[in-house]
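K.L.:
Model the structure of this input:
(3 chains)
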Amino acid sequence: MDLLKNLTESQKKAVLHKQGPLLVIAGPGSGKTRVITHRIACLIESGVKPWNICAITFTNKASVEMQNRVASMGVPSGVNLSTFHSLCVRLIRQYAQQAGITSNFSIYDDSDQKRVIKQAIADADLSVSNFAPAKMLNAISNLKNELETAESLKTRADEYFAKSLAKIYEKYQKILTENNALDFDDLLMKVAFLLREHPDVRSELNNRFKYLLVDEYQDTNHAQYQIVKGLAIEHQNICVTGDPDQSIYRWRGADIRNIMSFEKDWPHATVVKLEENFRSCQSILTAADKLIANNKNRKVKALIATIKGGEDIRITDYEDDTAEAYGLSKNIKKLIEDGQSPSEIAVFYRVNSMSRILEEALVQNKIPYQIVRGVEFYGRKEIRDMLAYLKLLVNPADNVALQRIINTPVRGIGKTTIDKIAEYASSAGIPIFEALKKTQLKELLNASTQAKLAKFVALIESFQNMTDGPVAPLMEKVFTVTKLADTTGDDKNKSESAIDNVNELINSAGIYDQQSEKPNLTDYLQAIALYSDSDAYDASQPKVALMTLHAAKGLEFDNVFIIGLEDGILPHERSAVSQDEFEEERRLFFVGITRARKRLFISYADYRTTRGQFLRTIPSPFLVEIGYNPLSSPAAGFTEKKQDFSSSEFGYDTSSSQIESAIKPIASPQRQASQASQPYIAGQLVSHKKFGFGRVQQFIEMGDNSIVVVNFNAGHTRSLMLKYANLDIVNKKGD
DNA sequence: GCGAGTTATGTTTTT
DNA sequence: CATAACTCGC
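P.N.:
As a prediction, this is how the structure comes out:
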């Protein structure tokens, strides 16, 4: 068959497997995406209708890309291609009644959730200081991903914390229900329950999606696992692809066991392993292989290079984070001068905050770049305000949206009034927007407040006949009529960009209007709730891509830079507590390394500014694991560079005072002062004759009896009397 | 009720 | 360091 002519034998086997369960264990760069697209094309060629195929990808971006690839193979359109979450929204809307919700539901993102959880904790008569909202949300999210309801938790909870959590969970869910809202986890849970409890729906869907494909299966959580099972249980035509070594979403509930035990769940499964790598050169694969071999909880899989030759991995030890940023920019500049396209260059880092200094250096060097970031755009105040108006229009029960905008822009409706209304609404068991129209409420308020509220209600109602139809004109109207346009970005310098942002939102709504057959506000809002800025990453732009290691999943570049190979950053300090989490950090680095085709640059800095503190760092243990020892001369396959800072070397103008202070933090008066008054500050690297290297956790000032608490690298924490501790402050090399 | 100014606080990764 | 929460004066 013509379609298959460029595929290997194992790829062909996977593509041509027509009936029954199929597991494709595919290492990095093994042509996994190709297998999926070809499989879809082959299925259609063999007579399967496109609309009977459902392919699930990990991100919206991946879904769009896959759609394009399938289309480019000359396959008729109509394949259902989406993420789990988008698919769930569609199914919930279609089976709204069985799912027990009306289809105009709001989707709450993390900032909405935060508001709700605080209310829930209060409703449960508990305090936010004992039950940290973020922790509670996390716990609830985990429970939902495990498909555990508040009721079920309540029956099994036997100690105080679990009981309290159950109570909070219950209240949290109650608020969501009252607001006719779902959070991200609910989307999955609803569908999982729908499939479990409505056999008729399940059969209908099995019949509709006769072939199910799931990419990145190693990162599915239990809810997603159950959805997959429900959607394929009757026909068994389930094809999943993934790589256990690239599972990096354990913290979000991803369960590596889903892929590890696929053969047990689907006894007749065919398993195809793709171990050849068509992406990276040998030195890169060797490093990746060595690294991942350190993971204990793992099925051994080979990485077989098919590309011969290649360059050494370049590892650079920089003086500090600024030197790293400028040194890296210099390297990028050189690559571009040597003919590399900026779009073939990417920089990966562990945390988003590391991008800031890079941006500065790239701007200085006039290197075009784009940042691939999570929810930056939709998290902006002005955007959230706009969307809150719109959400309220389609879902008047959405109290969170209402409370966001009832006094934005300011209309003289303050906290006291809102509290009164909210209390009345909750006692009457009606949404706040309903309550605003009740005469009983009006009796509680004075005339001027009543007038303000009536005006607000009239304002909202004036838009309500526009929710069916194009979104952009409505948005524009809302923006001006509410006077949001006049007040947006009032805080001085931000005004311009804030209005630009809203205009950008309106533009994107215009594109939505054009692209959808029947544009309407509900549909639009539910779609963009699942959209993230990383979906906007445009690989075709001639720009260097900056992103977190997580965002790098599924991508590949000729030239890859991975920065911040330091203990506490990669592996991240918050992840190094358990073996499982530590192994996930290793997989994260593995994912980063294996994105590179030709050149891989790895760097670490001796000093890094973290949370405003300029601290000595320890090189990442992963450096040793890829075969590079920071303390000895480089092994085969590596080129090492030690770069001492010198401003001239980086080719920028040191006369700019802003830059100068940024690159010479050693001389900052602030730090000198803190060292003079306190010999030890948290985070300071110290060494002890007996315990070795460690990091100061806390310094308790008590004059002669001061105590230093130190986390030693050996793994234990000790409190030492300063006068007996005999600690040495570890300074930079050569001091 | 509002907003400027101050103080506390919390920090990974994201659909 | 950056933002959220809070205080205080109008």
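K.L.:
Going by proximity to DNA strand B, name the top residue of the stretch 451-600 of chain A.
P.N.:
Residue of the stretch 451-600 of chain A nearest DNA strand B, by CB to the nearest atom of the strand: residue A:532 (3.1 Å). No exception for glycine: its C-beta is placed from N, CA and C like everyone else's.
K.L.:
Was I right to think that residue contacts residue A:60?
P.N.:
Yes. At 7.3 Å, residue A:532 counts as touching residue A:60 under the criterion of CB atoms under 8 Å.
K.L.:
Tell me which of these two has more neighbours.
P.N.:
Under the neighbour definition other CB atoms under 10 Å, residue A:532 and residue A:60 were set side by side, and residue A:532 has more, 22 against 19.
K.L.:
Quick check: the gap between residue A:32 and DNA strand B.
P.N.:
Distance from residue A:32 to DNA strand B, counting by CB to the nearest atom of the strand, to the nearest Å: 18 Å.
K.L.:
Would you confirm that that residue contacts residue A:24?
P.N.:
Yes. Counting by CB under 8 Å, residue A:24 is a contact partner of residue A:32 at 6.8 Å.
K.L.:
intersection of neighbour lists for those two?
P.N.:
Residues touching both residue A:32 and residue A:24 (CB atoms under 8 Å, 6 or more residues apart in numbering) are A:241, A:274.
K.L.:
neighbour-wise, which of those two wins?
P.N.:
Per other CB under 10 Å, whichever of residue A:32 and residue A:24 has more neighbours is residue A:24, with 28 against 22.
K.L.:
Now do the contacts for that one.
P.N.:
Taking CB under 8 Å, 6+ apart as the criterion, residue A:24 is in contact with A:14, A:32, A:35, A:239, A:240, A:241, A:242, A:271, A:272, A:273, A:274.
K.L.:
Mind pulling up the pLDDT for residue A:63?
P.N.:
pLDDT recorded at residue A:63 is 91.
K.L.:
Around residue A:381, count how many other residues there are.
P.N.:
For residue A:381, the count of nearby residues is 15 (other CB under 10 Å).
K.L.:
what about the nearest residue to it once chain neighbours are set aside, helix or strand, and which?
P.N.:
Nearest residue to residue A:381 in three dimensions, chain neighbours excluded: residue A:498, at 7.6 Å (CB to CB, 6 or more residues apart in numbering). Mapping residue A:498 onto the secondary structure by DSSP states H and E places it in helix A:495-515.
K.L.:
Please name every helix or strand in contact with the next helix or strand after that helix.
P.N.:
Using DSSP H and E, the helix or strand that follows helix A:495-515 in sequence is helix A:521-529. Applying 3 or more CB pairs under 8 Å, 6 or more residues apart in numbering; DSSP states H and E, we find helix A:521-529 packed against helix A:84-94, strand A:106-108, helix A:381-394, helix A:471-481, helix A:495-515.
K.L.:
Briefly note if whatever helix or strand comes next after helix A:521-529 comes near DNA strand B.
P.N.:
Following helix A:521-529 in sequence order, the next helix or strand is strand A:544-548 (DSSP H and E). Yes. With CB under 7 Å from any atom of the strand as the criterion, DNA strand B is reached by strand A:544-548 at residue A:548.
K.L.:
for strand A:544-548, packing partners?
P.N.:
strand A:345-349, helix A:355-364, strand A:369-372.
K.L.:
what's next to it, contact-wise?
P.N.:
With CB under 8 Å, 6+ apart, strand A:544-548 has contacts from A:332, A:342-343, A:345-352, A:355, A:358-359, A:362, A:367-373, A:534, A:537, A:539, A:555, A:557.
K.L.:
Just the buried ones from those residues?
P.N.:
Buried members of the contacts of strand A:544-548, counted by 16 or more other CB atoms under 10 Å: A:332, A:342-343, A:345-350, A:352, A:355, A:358, A:362, A:367, A:369-373, A:534, A:537, A:539, A:555, A:557.
K.L.:
thinking again about what came up before, what's the angle between the helix holding residue A:498 and helix A:471-481?
P.N.:
Angle of helix A:495-515 versus helix A:471-481, following axes from the mean of the first three to the mean of the last three CA atoms, to 10 degrees, is 150 degrees.
K.L.:
Can you show me the CA trace of helix A:495-515 as CSV?
P.N.:
What follows is helix A:495-515, C-alpha atoms only, in CSV (Å, rounded to 0.1, in the frame of the first residue of the first chain):
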residue,chain,number,x,y,z
SER,A,495,-3.7,51.0,30.2
GLU,A,496,-2.6,50.6,26.6
SER,A,497,-1.8,46.9,26.8
ALA,A,498,-4.9,46.1,28.7
ILE,A,499,-7.1,47.6,26.0
ASP,A,500,-5.0,45.8,23.4
ASN,A,501,-5.6,42.6,25.2
VAL,A,502,-9.4,43.0,25.1
ASN,A,503,-9.2,43.9,21.4
GLU,A,504,-7.2,40.8,20.9
LEU,A,505,-9.9,38.8,22.6
ILE,A,506,-12.6,40.4,20.4
ASN,A,507,-10.5,39.6,17.4
SER,A,508,-10.2,36.0,18.4
ALA,A,509,-13.9,35.9,19.0
GLY,A,510,-14.3,37.2,15.5
ILE,A,511,-12.3,34.3,14.2
TYR,A,512,-14.4,31.9,16.2
ASP,A,513,-17.5,33.5,14.6
GLN,A,514,-16.2,33.0,11.2
GLN,A,515,-15.1,29.4,11.8
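K.L.:
can you tell me how far residue A:258 sits from DNA strand C?
P.N.:
34 Å.
K.L.:
Same check on residue A:171?
P.N.:
Noted for residue A:171: a distance of 18 Å to DNA strand C, by CB to the nearest atom of the strand.
K.L.:
for that residue, what are its contacts?
P.N.:
Contacts for residue A:171 (CB under 8 Å, 6+ apart) come out as A:119, A:120, A:121, A:123, A:124.
K.L.:
ok, now with 10 Å
P.N.:
When contacts are counted by CB atoms under 10 Å, 6 or more residues apart in numbering, residue A:171 touches A:116, A:117, A:119, A:120, A:121, A:122, A:123, A:124, A:125, A:126, A:150.
K.L.:
Give me the phi and psi angles of the closest residue to the third one other than its chain neighbours.
P.N.:
What it means is residue A:119. The spatial neighbour of residue A:119 that comes closest, neighbours along the chain excluded (CB to CB, 6+ apart), is residue A:175 at 5.9 Å. As for residue A:175, its main-chain torsions (degrees, to the nearest 10) stand at phi -60, psi -50.
K.L.:
Quick check: the gap between residue A:175 and DNA strand B.
P.N.:
Applying CB to the nearest atom of the strand, the value for residue A:175 to DNA strand B is 18 Å.
K.L.:
Kindly report the same for residue A:125.
P.N.:
Distance of residue A:125 to DNA strand B, computed by CB to the nearest atom of the strand: 20 Å.
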